[in-house]
Every structure is written in C-alpha cells, then in structure tokens.
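[1] quick one, what's the 3D model for this:
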Amino acid sequence: MDIEWLIDGEVLLRLVLAVVLGGVVGIEREMHGRPAGFRTHIVVCLGATVMILGTEYYPQQMESGNILDLNRMSAGIITGIGFLGGGAILRESSMIRGLTTAGCIWFVAGLGIVIGKGIYPLALWSTLFVFVMLFFFRFVGDWMPIDQFKGVVVKTRLEQYEGVRKGCGEAFKSYGFTVDDTHFKMDNGKGEAEIDYRLSFKKGADREAALLRISQLEGVQEVRG
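    As a prediction, the model looks like this:
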C-alpha cells in the first residue's frame, strides 16, 4: 500500500470541510431542538463525502480500470438519504413538522457530494446561503401575511345546537377566522352533537381568545382545537 495516500492532504481537507460545513447547518437545527441536529448533519455530510472519495480514489488501485462512476454514486446517495429525511418529518394533529430539517439533511448529503468532488467554492457559498436562510429568514415570517389552517371541534347538547352554531360563527368572524368547511356528528341516543370546523386565518390571530369565547357559550360541553 502506498503510505503517501494515507496522509493525502487533499483527502484530509475534504473530510475536515465536510465536518465543518455539515456542522454549520446542523448546529442551527440543534439549537431549535429538531430531531436531526448537529451530529446527524455532520455524519450525513461526511458519509456522502467518504463515498464520493472512495469512488474517486479506489479505481486508481484497481488493475481492471475504473469500475465505479461518480455520477451514479451521487444519484444513489441522494436517493438513499430519503429514508433519513423521512424519519425527521413528524405529524402532530393537523400540523406537519420537520420538513425544513428533512430538507437540510437532503442538502448536506448533496454538500458532501460536492465536497467529495472537490468543488470548494460551490460548497462554501451554498453553505453560507443555507445558513443565512435558516437563521435570518425565519424572521421574515413575522411580518408576512401567512395563511394558517386549523381544525376546531365543538361538542354541545342537541337542543342547544342551533344557538351554539350561531355563536361559534359570530366568534370566528369577530376574531378574523374563516370557516372553510364544517362536518357534523349527531348522537340522538346521548342527545349530543359535535361540530367539526375547518378554519383558515392569518398568522397572529388570537385563536386562544376565540376558543375561550366559544367555551363560554351556553350549551357548549367541550371545545377541542
């Protein structure tokens, strides 16, 4: 074995860069308590770099010539990393969380490929742009008129159903909520009714105050949302 290859400065540079740049992306996810954080992003980026380096250097040791293809290896990495990104996506009631983290995992896999190929300017600039996006673009959402959606379930007695439904409509309207859809469930045996509202509203609307007002309506037994 050629001992010089073991201390190849180019190989070491790419591995260190994978750790540093992968960590830059991962540390932002770690700070916000995401399931895939600092170490996960480093491992993904470093792993992709190692696979590309292996594809680039290993054929040079083969007597039969170049039997591995960089582009096919890159495609395999991006496809295979999907399972890890999927594991970072969580569903909580009507909300889906983790899409940004999954995108970051996908990005650092691509970052590792770029580093493994030795395209340093692309690796550095893309990491900078992602870092700026993660840290600073979150504040853009504070003033953007973003539409949000939520489900609210109101449980009441059948004999008070009409009054509760009217009161809910007035409460939603006064707090800036729009009723997109409504589903009903009637239980004549128990004398109860459930109204399932699908609401849309602008970010910043006081959902808690609206639900509190509905809970104080005469005949309302339970409010979930």
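[2] please pull out the lowest mean pLDDT helix or strand from this structure.
    helix 3-6 (a mean of 53; mean pLDDT, DSSP states H and E).
[3] check which element follows it along the chain.
    Under the assignment DSSP states H and E, the closest C-terminal helix or strand after helix 3-6 is helix 9-31.
[4] may I see the buried residues of whichever helix or strand comes after that next one?
    Where DSSP H and E defines the elements, the next helix or strand beyond helix 9-31 is helix 38-57. By 16 or more other CB atoms under 10 Å, the buried positions in helix 38-57 come out as 38, 40-53, 55-56. Glycine gets a C-beta too; all of them are placed from N, C-alpha and C.
[5] which parts of the chain are strands?
    Listed in chain order, the strands of the chain (DSSP state E) span 90-92, 95-97, 147-157, 178-187, 192-202, 220-224.
[6] these into CSV, with extra columns for distance to Gly110 and mean neighbour count?
    Shown next, in CSV, are these (distance: least, CB to CB, whole Å; neighbours: other CB atoms under 10 Å):
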stretch, distance to Gly110, mean neighbour count
strand 90-92, 23, 10
strand 95-97, 23, 11
strand 147-157, 31, 17
strand 178-187, 37, 12
strand 192-202, 35, 18
strand 220-224, 42, 15
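[7] skipping adjacent residues, who's closest to Ala171 in space?
    Arg213 (4.7 Å; CB to CB, 6 or more residues apart in numbering).
[8] count the neighbours of the one you found for me.
    18 (other CB atoms under 10 Å).
[9] now do His32
    11.
[10] which pLDDT value belongs to it?
    Listed pLDDT for His32 reads 70.
[11] Phe172: what's it in contact with?
    Contacts for Phe172 (CB atoms under 8 Å, 6 or more residues apart in numbering) come out as Thr178, Val179, Tyr197, Leu199, Ala210.
[12] for those residues, which one is nearest Ile105?
    Leu199 (32.3 Å; CB to CB).
[13] if I look at that closest one, how far off is His183?
    Note on Leu199: its distance to His183, by CB to CB, to the nearest Å, is 12 Å.
[14] for Gly176, phi and psi?
    Torsion angles at Gly176 (phi, psi; degrees, to the nearest 10) stand at phi 80, psi 20.
[15] identify the spatial nearest neighbour of it, chain neighbours not counted.
    Closest to Gly176 by CB to CB, 6+ apart is Ala205, at 4.9 Å.
[16] okay, now that neighbour: neighbour count?
    17.
[17] tell me if I'm right that it and Tyr175 touch.
    Yes: at 6.1 Å, Ala205 counts as touching Tyr175 under the criterion of CB atoms under 8 Å.
[18] this structure - how does it break down into domains?
    The chain breaks down by automatic domain parsing into domains covering 3-142, 147-224.
[19] quick one: residues contacting Gly23.
    Phe38, His41, Ile42.
[20] so who does the closest residue to the last one other than its chain neighbours touch?
    Ranked by CB to CB, 6+ apart and with sequence neighbours excluded, the top spatial neighbour of Ile42 is Gly22, at 4.4 Å. Gly22 makes contacts with His41, Ile42, Val43, Val44, Cys45, Leu46, Val108, Leu111, Gly112, as judged by CB under 8 Å, 6+ apart.
[21] export these to a markdown table and tack on distance to Val154 and pLDDT?
    Listed next are those as a markdown table, based on distance: CB to CB, whole Å; pLDDT from 0 to 100:
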| residue | distance to Val154 | pLDDT |
| --- | --- | --- |
| His41 | 43 | 82 |
| Ile42 | 48 | 84 |
| Val43 | 47 | 82 |
| Val44 | 45 | 85 |
| Cys45 | 48 | 85 |
| Leu46 | 52 | 85 |
| Val108 | 45 | 87 |
| Leu111 | 48 | 88 |
| Gly112 | 50 | 88 |
